[in-house]
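>>> Quick one, structure for this:
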Amino acid sequence: MVSHFFGKLRSKYEYTELESCEPNPESTESDEGQRHNKTKLKYPWQIFFIIITEACERFSFYGMNAVLTLYLVEQFKKTMPTEEAEDLSTVFFHLFKFLSFFTPLFGAALSDSVFGKFRTIFYLSLVYALGQIVLSVGAITIVENYPSLPISFAGIFLI
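Model (predicted):
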């Protein structure tokens, strides 16, 4: 049964060789150019979207790790002493890290049972991008009495 499954999987994504490049006396030059371009990819075309999304997500995640604690300390210092602000920002930083590594389990469950892997990655990438936008809007400091802390936490939650 297992070999039957892997046999089907292999035949679905099997690589096909190039057609013969032997000159055909009846073919024109445009036919020869088309004959060389008839290779199939080993992978589904969606894999390139996944790779780009993963690269963007890692860039965003590690960039957030570098500045999140500093940002939160500055936000908390507006309402509490510096030492408490540093302690609370450290707690939120570690909570963010924990949830960043724990929530993919929910994404896997959604992928397996509801949306499928490509749609799950697409929809959750949109949520991730929305979280980055909301967090950026929360960092606006130009407006007086702007509720930056709740907006920032909404962005962090979406991320």
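>>> tally of neighbours for Ile47?
12 (other C-beta atoms under 10 Å). The C-beta positions use only the backbone N, C-alpha and C, and glycine is treated the same way.
>>> Okay, and it sits in which element?
Using DSSP states H and E, the element containing Ile47 is helix 46-76.
>>> now swap in Val137 and tell me
Using DSSP H and E, Val137 falls in helix 117-138.
>>> Just want the angle from that helix to helix 46-76.
Going by axes from the mean of the first three to the mean of the last three C-alpha atoms, to 10 degrees, helix 117-138 is angled at 30 degrees with respect to helix 46-76.
>>> for helix 117-138, packing partners?
Counting contacts by 3 or more C-beta pairs under 8 Å, 6 or more residues apart in numbering; DSSP states H and E, helix 117-138 packs against helix 46-76, helix 104-110, helix 148-158.
>>> and that helix, which residues are buried?
For helix 117-138, the buried set under the neighbour-count rule, 16 or more other C-beta atoms under 10 Å, comprises 120-121, 124-125, 128-129, 131-132, 134-135, 138.
>>> Stretch 79-92 too?
Buried-residue list, stretch 79-92, by 16+ other C-beta under 10 Å: 85-86, 88-89, 92.
>>> Out of those residues, which is nearest to Phe59?
Lowest distance from Phe59 to these (C-beta to C-beta) belongs to Phe92, with 21.5 Å.
>>> Could you check how far the spatially closest residue to the closest one that is not a sequence neighbour is from Val114?
Nearest residue to Phe92, sequence neighbours excluded (C-beta to C-beta, 6 or more residues apart in numbering): Leu72, at 5.7 Å. Noted for Leu72: a distance of 33 Å to Val114, by C-beta to C-beta, to the nearest Å.
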